[in-house]
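Colleague: Structure for the following, please:
(chains A and B)
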Amino acid sequence: MKEEKAEKAVGRLVGWLDSRLGLSHPLLRPVPQYSINPFYWLGALTVVAFLIQGVTGVIMMLYYVPDPTQAYSSTLYIFQNVYFGRFLETIHLYTAYAMIMLAFLHMMRGYFVSVHKTPREAMWVVGMLMGFVTLGFGFTGYLLPWTVVSKSGTDVGIGMIQALPHPVSSIVSFLIVGSGGDAGQLLRFFDLHIVILPVVLVSLLAAKMYMLEIHGISPPVTQKGMSKLSKVFPIFPDVTLYLLELAALLGAGMLIIAVLFPINLGPEYSPQLAGTITAQPDWYFLWIYQILKISVFEGNNLPIALTLVTLILAGLVVLPFIDRNEKRKILERPLYVAIGAIFIAEIAVLAEWGLLTPGAIIGVGQAVLVLGGTAALVGLSTLGALKVLPHRGEAESPKASNPSVRTAQFRVGVAMMVALALGALGIGVAIDSVVTMAMSGVNLLELSRLAASLFALGVASAFSTYLAYRMNLGANPIRRTIAILELWWSPNED
Amino acid sequence: MRIERVLVPILILQALSVFLLWTLNSVSSAGQDVFTLFLAVDLLGFVLVIQFYRSAAWSSVQGKAWIVALGLAMIAILVSSLFVS
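Modeller: Sure, this is the predicted structure:
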């Protein structure tokens, strides 16, 4: 009896809401079952992080004064005197970090599963622009507390912008720096942060949602997903609740991180104090900062580095017009998947390296070794893994579903990865030896390193070719040769 | 088990706890940390509610391990709030 009453009460509440708000006739289309997976909702979670920042930011805006003489003291006031002030500051910062990270993951996931392909090219471009606006939020918000670290770090970023080729640097400087000194700069950053960028982001979001409604969620790239194509869930209440569940998990994670790693406001900015620290941008710009620190880009060559970075970013924007192949599955696009893996690895390595070496100039040889070695290691490992991984069709065959066959495949796959890693290491050391000899002359030590690395590369190549043969992969002439060698090696086996 | 028997008490408890959160000393560092942790517990409770709902409405068995892990996480966070100073 009680249960029925409770059920009726809930039903009445839902019915009342539905009749007033029209929730059962939503604007958004139903969502297919295959997309009930957190990876499909990274973009939505980015928006959730943006909303949390909006709420916390509006409350802080009531106390913050965008003037160099009061910016720091008003921020400190929020920390020390405002109810839940430290909580607001901490959550605002960590959700900003989460927003940037989620946007990056959303982009890379989209890249790997080919969401940028026909007919969603424009959605990808709009999404990339949203990513740049998100970085703009980080850049403009970083300055606002007016601490010595935030002001100096922002100055590094402004220095980068001003080193761009003339028309671009002038326009961007006019837009974000102005000519009003520190006061004008802070006010402009504040306006950008709380008005212009939110308006731009919301407009882009509306455009992207509109296109999403037209094209729908991108189709699945796995057999498992294809089997769930027919079933759909309505936006309300099912998908809304699912999204709220993910949002609550994100929120809980942010809150726990906020307690575990509380932030402290550093000292206030002053030109004297700024001279005593090594300025660095925030973590999401460290990869660019590290590229600019490579010695070959110092001085007059800085615009070359900035143009390189701009080209990388522009390449991401126009990706749908470069990667026009209709194949969408990861195993069918090994080159693009390897490039994506290299991109992630290089960003991570550059950011970590930049964090560890503030202000230090990086030698060309060192950069070539680290970046080249990373690219070779990750690229070859990814290509090897894609080659070794069973294709979908094979995975479902009786042979591959046999546990002993799968165990053997796994072992050979691991061995292949080790071989490829050894090969990549050989390539990296060989590159470093060549660069070192090019810069400081030929010597016995470097020649020995070169010979050893080439030997390691040869061993790795031979071993991985043999493993490829064991996996029934590779070209026929190689397989025939290895088969002959194998017979020669163990003539009694037959 | 009827889903309403679980949902309604949890939602009432959540509403009550959110109300009680506002009685904490919201200026001190420790008070804000406790508030933050309790809010995290509330959010995890909300996740739990949706898990129960999905189990019933979608006719799919949500992972029991996941529900147990959420419950344990809530208890662990509540206990850890005792040590915030």
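Colleague: Quick one: neighbours of the residue lying closest to residue B:27 once chain neighbours are set aside, just the number.
Modeller: Nearest residue to residue B:27, sequence neighbours excluded (Cβ to Cβ, 6 or more residues apart in numbering or on different chains): residue A:83, at 6.2 Å. Backbone N, C-alpha and C define where each C-beta goes, glycine included. Using other Cβ atoms under 10 Å in any protein chain shown, residue A:83 has 15 other residues around it.
Colleague: Show the backbone phi and psi for residue A:83.
Modeller: phi -60, psi 130 (degrees, to the nearest 10).
Colleague: my guess is it contacts residue B:24, does it?
Modeller: No. Look at residue A:83 against residue B:24 with Cβ atoms under 8 Å: they stay out of range, at 9.9 Å.
Colleague: ok, back up a step: which pLDDT value goes with the residue nearest to residue B:27?
Modeller: Here the pLDDT value assigned to residue A:83 is 89.
Colleague: and what of residue A:412?
Modeller: 75.
Colleague: Quickly note the distance from it to residue A:183.
Modeller: Separation of residue A:412 from residue A:183 (Cβ to Cβ, to the nearest Å): 66 Å.
Colleague: Check residue B:45 too.
Modeller: Residue B:45 sits 47 Å away from residue A:183, going by Cβ to Cβ.
Colleague: Same check on residue A:247?
Modeller: 38 Å.
Colleague: Could you do residue A:59 as well?
Modeller: 24 Å.
Colleague: near chain A, which residues of chain B show up?
Modeller: B:2, B:4-5, B:7-8, B:26-27, B:29, B:32-33, B:35-37, B:39-41, B:43-44, B:46-47, B:50-51, B:53-54, B:57-58, B:77, B:84 (Cβ under 8 Å from any Cβ of the partner chain).
Colleague: Which one's more surrounded, residue B:45 and residue A:183?
Modeller: A side-by-side neighbour count of residue B:45 and residue A:183, using other Cβ under 10 Å, places residue B:45 first with 19 against 14.
Colleague: can you tell me which residues contact that one?
Modeller: Residue B:45 is in contact with B:10, B:13, B:14, B:74, counting by Cβ atoms under 8 Å, 6 or more residues apart in numbering or on different chains.
Colleague: wait, is the third one part of a helix?
Modeller: Yes. Note on residue B:14: a helix contains this position according to DSSP: H, G, I helix; E, B strand; the rest coil.
Colleague: got the contact list for it?
Modeller: B:42, B:45, B:46, B:49.
Colleague: Can you tell me how far residue A:13 is from chain B?
Modeller: Look at residue A:13 and chain B: by Cβ to the nearest Cβ, to the nearest Å, they are 11 Å apart.
Colleague: typed the wrong thing, it's residue A:233
Modeller: With Cβ to the nearest Cβ as the criterion, residue A:233 and chain B are 8 Å apart.
Colleague: Disregarding residues adjacent in the polypeptide, which is nearest to the residue nearest the centre of chain A?
Modeller: Central residue of chain A (Cα atoms, centre = their mean): residue A:104, 3.3 Å from the mean position. Nearest residue to residue A:104 in three dimensions, chain neighbours excluded: residue A:131, at 7.5 Å (Cβ to Cβ, 6+ apart).
Colleague: Tell me which helix or strand comes right after the helix or strand where residue A:410 lies.
Modeller: Residue A:410 is part of helix A:403-440 when elements are defined by DSSP states H and E. Counting by DSSP H and E, the next helix or strand C-terminal to helix A:403-440 is helix A:444-470.
Colleague: Taking helix A:403-440 as reference, get the angle to that next one.
Modeller: Angle of helix A:444-470 versus helix A:403-440, following axes from the mean of the first three to the mean of the last three Cα atoms, to 10 degrees, is 160 degrees.
Colleague: Which positions within helix A:444-470 qualify as buried?
Modeller: Neighbour counts over helix A:444-470 (16 or more other Cβ atoms under 10 Å in any protein chain shown) mark A:446, A:449-450, A:453, A:456-457, A:460, A:463-470 as buried.
Colleague: What is the least confident helix or strand in chain B?
Modeller: Every helix and strand of chain B was ranked by mean pLDDT, DSSP states H and E. The lowest is helix B:3-21, at a mean of 74.
Colleague: got the angle for whichever helix or strand comes after that helix vs helix B:3-21?
Modeller: Proceeding N to C from helix B:3-21, the next assigned helix or strand is helix B:29-57, under DSSP H and E. Using the same axes, to 10 degrees, the inter-axis angle of helix B:29-57 relative to helix B:3-21 is 170 degrees.
Colleague: The helix or strand that helix B:29-57 is followed by packs against which elements?
Modeller: The helix or strand immediately downstream of helix B:29-57 is helix B:64-81, counting by DSSP H and E. Helices and strands touching helix B:64-81, by 3 or more Cβ pairs under 8 Å, 6 or more residues apart in numbering or on different chains; DSSP states H and E, are helix B:29-57.
Colleague: Now do the buried residues in the helix it packs on.
Modeller: Under 16+ other Cβ under 10 Å, the buried positions of helix B:29-57 are B:31-55.
Colleague: do the same with stretch B:54-73
Modeller: By neighbour count on 16+ other Cβ under 10 Å, the buried set for stretch B:54-73 is B:54, B:55, B:70, B:73.
Colleague: and residue A:189, backbone torsions?
Modeller: Per degrees, to the nearest 10, the backbone of residue A:189 is at phi -60, psi -40.
Colleague: Which residues are in contact with it?
Modeller: Residue A:189 touches A:66, A:140, A:143, A:144, A:154, A:176, counting by Cβ under 8 Å, 6+ apart.
Colleague: mind putting those in CSV, secondary structure, distance to chain B and neighbour count included?
Modeller: Listed next are the contacts of residue A:189 as CSV, based on DSSP: H, G, I helix; E, B strand; the rest coil; distance: Cβ to the nearest Cβ, whole Å; neighbours: other Cβ atoms under 10 Å in any protein chain shown:
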residue, secondary structure, distance to chain B, neighbour count
A:66, coil, 24, 20
A:140, helix, 26, 22
A:143, helix, 25, 26
A:144, coil, 21, 23
A:154, helix, 28, 26
A:176, helix, 34, 18
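Colleague: and which of these is nearest to residue A:299?
Modeller: residue A:154 (22.3 Å; Cβ to Cβ).
Colleague: Surely the closest one is in contact with residue A:145?
Modeller: No. The pair residue A:154 / residue A:145 is not scored as a contact, 10.6 Å apart, by Cβ under 8 Å.
Colleague: one step back: distance from the chain centre to the least confident helix or strand of chain B, please.
Modeller: Here helix B:3-21 is found 9 Å from its chain centre; the criterion is Cα atoms, centre = their mean, to the nearest Å.
Colleague: ok, which residues in the stretch 151-300 of chain A are in contact with chain B?
Modeller: Counting by Cβ under 8 Å from any Cβ, the stretch 151-300 of chain A sits next to chain B at A:233, A:238, A:241-242, A:244-245, A:248-249, A:251-252, A:255-256, A:258-259, A:262.
Colleague: Give me the subset of those residues lying in helices.
Modeller: In helices, defined here by DSSP state H, the members of those are A:241, A:242, A:244, A:245, A:248, A:249, A:251, A:252, A:255, A:256, A:258, A:259.
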